[in-house]
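Engineer: fold the stuff below for me.
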Amino acid sequence: MKVTEIEVHRITLPYVDWIAYQLNHYYGPSQRTVYVAHTDTGLTGLGEGGSTEPQDIIDAYIGTNPFDHMGDERSLGLGTAMYDLMGQAAGVPVYKLIGQKCRSWVPVGSWTVSTHPERMAEAVQQYSAQGYTWMKFHLSPFENVIDQTEAMQAVAPPGFRVHYDFTMGGTDDHMIELLHKLSGYPVAGCFEDVLPANDVQGYMDLRKRTTLPIVLHHCPLGATYEVLMSAADIYMLGHARIGDAIRKAGLFSAGNIPFMLQNVGGNITRAMTCQMMAAFPSANFHFFSDCETWSDDVVHEQPQPVNGLLPVSERPGLGVSLDRDALERLTKLKLPGVGKWILRSRFANGTRMYNLADPQQAIFMVRPDVRRQLPMSYAAPITTDYWDDDGTAKYAAMAARLEAGGVVLER
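Structural biologist: Predicted structure coming up:
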């Protein structure tokens with residue numbers, strides 16, 4: 001069996017209506033690359049990635065046997081397509097190419113962005129109704145996290161938990177005090193990347209002073225020695241290539257340490273992640289793919305969680321099939337981009353703050369310290385709304401001030 005051709009399709013994915021407003025303001029339209037790999041035996045394998053691999057990487061798979069890429073470390077998206085082909089050729093689900101099945105149902109989480117407390121509450125209601133029991137979001141200093149948490153707590157069903165991602169800090173908060181406040185809410189579930197990535201000793205100390213699990217994503221030593229040093233309760237591998245994930249899974253298993261995968265993508269990515277999590281002994285924490293934020297996809301199968309769990313497919317390969325009509329539709333889809341817009345904030349003492357947001361610099365929304373303008377806090381008494389370009393002279397004047405001088409503060 002040889003790979004004879006790999007189709008490369010760049011697609012645009014529309015957001016689900018209820019969350020489209022905030023996601024478009026953060027990121028603008030979302031795009032992904034879908035790979036359709038063909039063999040001389042007539043099999044078709046599917047993979048996907050956020051960006052398109054360079055042509056020399058794609059060419060490295062052409063003319064090879066998919067089984068040459070067992071434990072692939074070249075490309076997560078193309079490696080996924082190879083595993084799909086291997087599983088179909090062998091007549092087994094992908095997890096059997098990785099190891100013994102450890103679970104038939106895999107925990108999965110949902111995702112949103114930090115926004116107004118009422119929208120955070122809506123996200124909890126939407127996702128809990130869809131069968132999720134966890135929701136992750138990156139905290140933003142433009143919103144008060146206590147106000148957000150109280151809004152989410154008010155609507156969260158029993159057992160629903162929030163996964164707080166601090167994006168490695170960037171504020172002047174006393175983190176222990178803030179974590180203790182959040183830990184008092186039943187809806188609070190775990191804290192990710194609370195400190196700068198290289199502060200391994202700080203993480204070791206933090207674990208001793210908090211009651212909820214500490215999750216480490218951006219591991220400065222590649223999820224090796226910091227794991228041996230017990231820097232966190234749970235580890236996250238983000239977009240790790242298949243071979244690397246398999247190796248790290250062995251380390252986590254040896255220490256009986258929980259971990260999860262975070263591979264953002266559609267139902268192709270979710271299917272592959274589910275297969276890997278099924279075979280990794282200690283991969284028992286909820287994974288993320290974020291495909292619940294999109295309203296369309298290129299495969300027919302779009303399973304929904306039950307009580308926070310996804311069933312592991314027993315079909316050969318990934319267990320997903322290409323919807324060629326959807327692929328063509330999403331390849332042609334053009335969505336209008338979102339330009340710069342203004343974050344309009346008000347502090348409880350009456351101070352007003354204005355910042356220029358840009359979907360091309362989405363990191364600013366959660367780490368405004370990248371502009372080195374002023375200290376901020378996740379727990380400041382602040383409320384924020386989104387000021388879109390309304391064509392008025394007032395908007396134009398403020399946008400010009402922000403372009404010239406960055407942040408604007410007014411009494």
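Engineer: pretty sure T224 contacts L251?
Structural biologist: Yes: with contacts defined as CB atoms under 8 Å, T224 counts as touching L251 at a distance of 7.3 Å. Backbone N, C-alpha and C define where each C-beta goes, glycine included.
Engineer: neighbour count for those two, which is higher?
Structural biologist: Here T224 and L251 are compared on neighbour count by other CB atoms under 10 Å; more neighbours surround L251, at 16 against 13.
Engineer: wasn't the more buried one part of a strand?
Structural biologist: No: note on L251: no strand contains this position according to DSSP: H, G, I helix; E, B strand; the rest coil, which reports helix.
Engineer: wait, what's in contact with the nearest residue to it once chain neighbours are set aside?
Structural biologist: If the residues on either side of it in the chain are set aside, L251 comes closest to V227, at 6.1 Å by CB to CB, 6 or more residues apart in numbering. Shown in contact with V227 (CB atoms under 8 Å, 6 or more residues apart in numbering): C219, Y235, L251, F252, G255, I257.
Engineer: taking those residues as a set, which two sit the farthest apart in space?
Structural biologist: In terms of CB to CB, those reach their longest pairwise distance at C219 and G255, which sit 14.2 Å apart.
Engineer: before we move on, back to that, host element of the residue nearest to L251?
Structural biologist: Assigned by DSSP states H and E, V227 falls within helix 225-228.
Engineer: who are the packing partners of the next helix-or-strand element following that helix?
Structural biologist: Following helix 225-228 in sequence order, the next helix or strand is strand 234-238 (DSSP H and E). Packed against strand 234-238 by the contact rule (3 or more CB pairs under 8 Å, 6 or more residues apart in numbering; DSSP states H and E) you find strand 214-216, helix 242-254, strand 259-262.
Engineer: can you do 6 Å?
Structural biologist: Other elements packing on strand 234-238 under the criterion 3 or more CB pairs under 6 Å, 6 or more residues apart in numbering; DSSP states H and E are strand 214-216, strand 259-262.
Engineer: pull out the buried positions in it.
Structural biologist: Judged by neighbour count (16 or more other CB atoms under 10 Å), strand 234-238 contains these buried residues: I234, Y235, M236, L237.
Engineer: cool, and stretch 211-231?
Structural biologist: L212, P213, I214, V215, L216, H217, C219, P220, A223, E226, V227, A231.
Engineer: identify the farthest-apart pair in those.
Structural biologist: Checking these against each other with CB to CB, the farthest-apart pair comes out as L212 and P220, at 22.3 Å.
Engineer: so which residues of the stretch 251-400 of the chain form strands?
Structural biologist: Assigned by DSSP state E, counting those that start in this stretch, the stretch 251-400 of the chain shows strands spanning 259-262, 309-311, 341-347, 352-357, 382-387.
Engineer: do the same with the stretch 101-250 of the chain
Structural biologist: Listed in chain order, the strands of the stretch 101-250 of the chain (DSSP E, counting those that start in this stretch) span 105-107, 110-111, 134-138, 161-165, 188-192, 214-216, 234-238.
Engineer: and of those, who's closest to R270?
Structural biologist: The minimum distance between R270 and the strands of the stretch 101-250 of the chain falls on strand 105-107, with 9.8 Å, by CB to CB.
Engineer: run through who's touching that closest one.
Structural biologist: C274, M277, A278, H286, G308, L309, L310, P311 (CB atoms under 6 Å, 6 or more residues apart in numbering).
Engineer: now do stretch 75-92
Structural biologist: Residues from elsewhere that reach stretch 75-92 (CB under 6 Å, 6+ apart): 1, 35, 37, 43, 45-49, 53, 57, 61, 66-67, 69, 72, 93-94, 97, 241-242, 272, 316-318.
Engineer: circling back to that earlier point, closest to D172 among the buried residues of strand 234-238?
Structural biologist: With CB to CB as the yardstick, the closest approach to D172 among the buried residues of strand 234-238 comes from M236, at 25.6 Å.
Engineer: show me where pLDDT drops low in this structure?
Structural biologist: Within the chain, the set of residues satisfying pLDDT under 70 is empty.
Engineer: show me which of the buried residues of strand 234-238 is closest to V16.
Structural biologist: M236 (24.0 Å).
Engineer: let's have the helices and strands packed on strand 234-238 in CSV, adding distance to P336.
Structural biologist: Shown next, in CSV, are the helices and strands packed on strand 234-238 (distance: least, CB to CB, whole Å):
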stretch, distance to P336
strand 214-216, 36
strand 259-262, 29
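Engineer: which one of those strands lies nearest to V113?
Structural biologist: In this view, these are compared for proximity to V113 by CB to CB, and strand 259-262 is the closest at 15.2 Å.
Engineer: what helices or strands is the closest one leaning on?
Structural biologist: When contacts are defined as 3+ CB pairs under 6 Å, 6+ apart, strand 259-262 packs onto strand 234-238.
Engineer: quick one: end-to-end distance for stretch 160-176.
Structural biologist: The first and last residues of stretch 160-176 sit 23 Å apart, counting by CA to CA, to the nearest Å.
Engineer: touching that stretch from outside, list them.
Structural biologist: Where contact means CB under 6 Å, 6+ apart, the residues beyond stretch 160-176 that reach it are 128, 133-136, 138-139, 141, 187-197, 209, 366-367, 369, 375-378.
Engineer: ok so, going back, want to try a markdown table for the strands of the stretch 101-250 of the chain, with distance to Q88 as columns?
Structural biologist: Converted to a markdown table, those look like this (distance: least, CB to CB, whole Å):
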| stretch | distance to Q88 |
| --- | --- |
| strand 105-107 | 21 |
| strand 110-111 | 30 |
| strand 134-138 | 32 |
| strand 161-165 | 34 |
| strand 188-192 | 36 |
| strand 214-216 | 35 |
| strand 234-238 | 26 |
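Engineer: so which of those is nearest A326?
Structural biologist: Once these are compared by CB to CB, strand 110-111 is nearest, at 22.2 Å.
Engineer: can you tell me the strand partners of that closest one and which way each runs?
Structural biologist: Using DSSP bridges, the neighbouring strands of strand 110-111 in the sheet come out as strand 134-138 (parallel).
Engineer: what angle separates the strand it pairs with from strand 188-192?
Structural biologist: In this structure, strand 134-138 runs at an angle of 40 degrees to strand 188-192, with axes from the mean of the first three to the mean of the last three CA atoms, to 10 degrees as the basis.
Engineer: many thanks, I have nothing further to ask.
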